[in-house]
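[1] Can you look at this prediction? I've put the sequence above it.
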Amino acid sequence: MKIRTRFAPSPTGFMHVGNLRTALYEYLTAKHEGGDFILRIEDTDQERYVEGATDVIYNTLKTAGLNHDEGPDIGGDFGPYVQSERLNMYKPYAEQLVKDGKAYYCFCSKERLDELRASAKEGEVVGYDRHCRDLPQSEIDEKLAAGVPYVIRQKAPLTGESTYHDCVYGDITIPNEELDDQVLIKADGFPTYNFANVIDDHTMGITHVVRGSEYLSSTPKYNALYEAFGWEIPTYIHLPLIMGKSIDENGKEVVSKLSKRHGSTGFFDLVNEGFLPEAIMNYIALLGWCPSGEFENREIFTMDELTKAFDIHGISKSPSVFDYDKLEWVNAEYIKNMDSETFLSHAKPYYDKLGISSDKYALLEEILKPRVTRFTQIEEKLIFLTNYEEFDLALFEHKKSKSTLDSSREILNEVIPSLAALASWDRDSISNVLTGYAEAKGYKNALVMWPVRIGAAGVAVTPGGCAEVLILLGKDESIRRLDTAFKRLG
RNA sequence: GGCCCCAUGGUCAAGCGGUUAAGACGGCGCCCUCUCAAGGCGCAAUCACGAGUUCGAUUCUCGUUGGGGUCACCA
């Protein structure tokens, strides 16, 4: 049988990387076996509706490379794929359950439920007291006729225990007393998330339910529904949570479910910070899953390779901490392995901002590639091109190069004219002048490179070496700056 | 608090009764070197604790501790 998985996000306008990783694993679970990956929008909560939020979902999946086979935007044989367009489907199923004695009308008011909870003792948590579970039929008819608002609740088993199998966690057993008579249809006639989920997954032919481990303890309730309908229970794959590390008010280090306090957690937030979509996906794939076989110890994967390598048995059970440092490293790997065209397409906006001409692109790529871990760093790396302040002359002193104020003065004095006389301003020409001079004087290259680079850049740290700095600056600007620096040295 | 789940270095993690307990990020050191990177080499750092099973436990069982999750007319 063909595997079918689904990603069922709510349109909140924000895609948490935790949700995205779930989507990734859903996609990989299906695609590894040549199955289908379905997108379903769960928008039954009218109050939380956010304008344009579904577009965020489409854009995220597209940018992330998770192409769905069926969904609201592309259709499919199991539509509609938006829950609000399926609204009339759910209630008949619930009514059927009532008829079969597996669910019941509950007329309890919100106030009564609130009181119930308020009456709980300190630290105690109480569920619904099943007040309406066994109402006499006459009373039910009466209330229905009188138009008393009601919800439909599932009759959960009262005794014994429920066991089910999960591909990651193994057999899970829960005492049935723990199971609440959950609401299936709300007073407004809308289905609850849990109920709609089961109906949709079944009617859409979902074979593998992949979701976060927070659903581990409520799964028996889902299964009770499948059983009540006589439907086949799907294969469950529960995923470990993604955590974040932070410092609490007592200065203690704590881990908790990844949230905004830990930094950027939205997919597009990370993209805006300069993380490449491919790198983000690559990194989160490795958060909670470890490749094996021919892919053992592999760190960098294309989506196709991930699809090939993905294996449910490699999924870990314990929660993992999101490590921004490692993400940064993965991102840097992607940058280093980029072809020139791709590199330029990412770097160009920053080049344009600095007014860099296209003849510098090749050199820039060469020196920037090993030095930026995110493209957003380009501007600061090249700041010396546009800023040339009255820097501290102490920069000319460098112990390892044996450079001093005096040596700098002498070298600049003798080297500037030779540079100015150069007909061709390229790497070889510049290097030949400088190393030739060093050789003639019996100096180490470092001794002459240092003051020239510092004099031209005005900062201690530059991407690339002396010749590269001079080329990026251009001949006129280089000579002008070196003259200025020389004069300041007196 | 009840219930469920989890437990190898700072982090991601391999391991599936006998290993010098992989690898990666990060850290540190060395090399290279005109700075910063990149690259190369190397170092430090892990089986939470206590019983039991076994000739032998990181690995199996139980308990303790710790962590996480969950208990809505939210999704």
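    Structure received.

[2] Can you show me the helices along the stretch 251-400 of chain A?
    Under the criterion DSSP state H, counting those that start in this stretch, the stretch 251-400 of chain A contains helices at A:267-272, A:277-285, A:303-309, A:324-336, A:340-354, A:361-368, A:378-381, A:383-386.

[3] so which of those is the most packed in?
    helix A:277-285 (a mean of 22; mean count of other Cβ atoms under 10 Å). (Each C-beta comes from the backbone N, C-alpha and C, glycine too.)

[4] outside of it, which residues touch it?
    The contact list for helix A:277-285 (Cβ atoms under 8 Å, 6 or more residues apart in numbering) reads A:17, A:20-21, A:24, A:28, A:63-65, A:242, A:267, A:270-271, A:300-303, A:306, A:310, A:326-327, A:330-331, A:333-334.

[5] if you set the cut-off to 6 Å instead, what comes out?
    A:Val17, A:Arg21, A:Leu24, A:Thr63, A:Ala64, A:Leu270, A:Phe301, A:Leu306, A:Leu327, A:Val330, A:Asn331, A:Tyr334 (Cβ atoms under 6 Å, 6 or more residues apart in numbering).

[6] Stretch A:179-191 now?
    A:44, A:90-91, A:94, A:127-128, A:130, A:149, A:151-154, A:156, A:192, A:195, A:220-221.

[7] Helices - which of the residues you listed land there?
    Judged by DSSP state H, the subset of the contacts of stretch A:179-191 located in helices is A:Tyr90, A:Lys91, A:Ala94, A:Phe195, A:Pro220, A:Lys221.

[8] one step back: so which of the helices of the stretch 251-400 of chain A comes closest to A:Tyr169?
    For the helices of the stretch 251-400 of chain A, the distance to A:Tyr169 is smallest for helix A:277-285, at 19.9 Å, taking Cβ to Cβ.

[9] Most proximal residue of chain A with respect to RNA strand B?
    A:Gly465 (2.4 Å; Cβ to the nearest atom of the strand).

[10] what sits against A:Trp289?
    Taking Cβ under 6 Å, 6+ apart as the test, what A:Trp289 contacts is A:Gly314, A:Ile315.

[11] The worst-scoring helix or strand of chain A on mean pLDDT pairs with which strands, parallel or anti?
    Least confident helix or strand of chain A, by mean pLDDT, DSSP states H and E, is strand A:253-257 with a mean of 81. Strand pairing for strand A:253-257, determined by DSSP bridges: strand A:242-247 (antiparallel).

[12] Check which residues of the partner strand are buried.
    A:Ile242, A:Met243, A:Gly244 (16 or more other Cβ atoms under 10 Å).

[13] Report the distance from it to the chain centre.
    Put simply, strand A:242-247 sits 15 Å off its chain's centre (Cα atoms, centre = their mean, to the nearest Å).

[14] Run through chain A and note the low-pLDDT ranges.
    A:45-49, A:121-124, A:250-251 (pLDDT under 70).

[15] all strands for it, in order.
    A:4-7, A:36-39, A:103-106, A:151-154, A:161-166, A:170-175, A:183-185, A:208-212, A:235-239, A:242-247, A:253-257, A:320-321 (DSSP state E).

[16] Can I get the first one in PDB, CA atoms only?
    What it means is strand A:4-7. Output in PDB follows, covering the C-alpha atoms of strand A:4-7 (Å, rounded to 0.1, in the frame of the first residue of the first chain):
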ATOM      1  CA  ARG A   4       0.300   8.800   2.700                       C
ATOM      2  CA  THR A   5       1.400  11.300   5.300                       C
ATOM      3  CA  ARG A   6       0.100  14.800   6.000                       C
ATOM      4  CA  PHE A   7       1.200  18.100   7.300                       C
END
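
[17] Paired strands for it, with orientation please.
    strand A:36-39 (parallel).

[18] can the partner strand be found next to RNA strand B?
    No: Strand A:36-39 does not reach RNA strand B (Cβ under 7 Å from any atom of the strand); its nearest approach is 13.6 Å.

[19] now the buried residues of strand A:242-247 as a markdown table including distance to RNA strand B?
    Below are the buried residues of strand A:242-247 laid out as a markdown table (distance: Cβ to the nearest atom of the strand, whole Å):
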| residue | distance to RNA strand B |
| --- | --- |
| A:Ile242 | 9 |
| A:Met243 | 7 |
| A:Gly244 | 10 |
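
[20] which one among those gets closest to A:Val321?
    Distances from A:Val321 to those, taken by Cβ to Cβ, are shortest for A:Met243, at 4.9 Å.

[21] which one is A:Ala467 nearest to, not counting chain neighbours?
    Nearest residue to A:Ala467, sequence neighbours excluded (Cβ to Cβ, 6 or more residues apart in numbering): A:Ile430, at 4.5 Å.

[22] still on that earlier bit, can you redo the buried residues of strand A:242-247 as JSON lines with distance to A:Ala423?
    Below are these laid out as JSON lines (distance: Cβ to Cβ, whole Å):
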{"residue": "A:Ile242", "distance to A:Ala423": "59"}
{"residue": "A:Met243", "distance to A:Ala423": "62"}
{"residue": "A:Gly244", "distance to A:Ala423": "58"}
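
[23] quick check, nearest of those to A:Leu276?
    For the buried residues of strand A:242-247, the nearest to A:Leu276 is A:Ile242 (19.1 Å; Cβ to Cβ).

[24] does A:Asn331 really touch A:Phe275, like I thought?
    Yes: contact criterion Cβ atoms under 6 Å: A:Asn331 and A:Phe275 qualify, at 5.3 Å.

[25] that older thread, backbone dihedrals for the residue of chain A closest to RNA strand B, both of them.
    Main-chain torsions, A:Gly465, degrees, to the nearest 10: phi -100, psi -170.

[26] That one and A:Ile454, how far apart?
    Going from A:Gly465 to A:Ile454 by Cβ to Cβ, to the nearest Å gives 12 Å.

[27] contacting residues for A:Val168?
    For A:Val168, the contact set (Cβ under 6 Å, 6+ apart) comprises A:Ile237, A:His238, A:Ile315.
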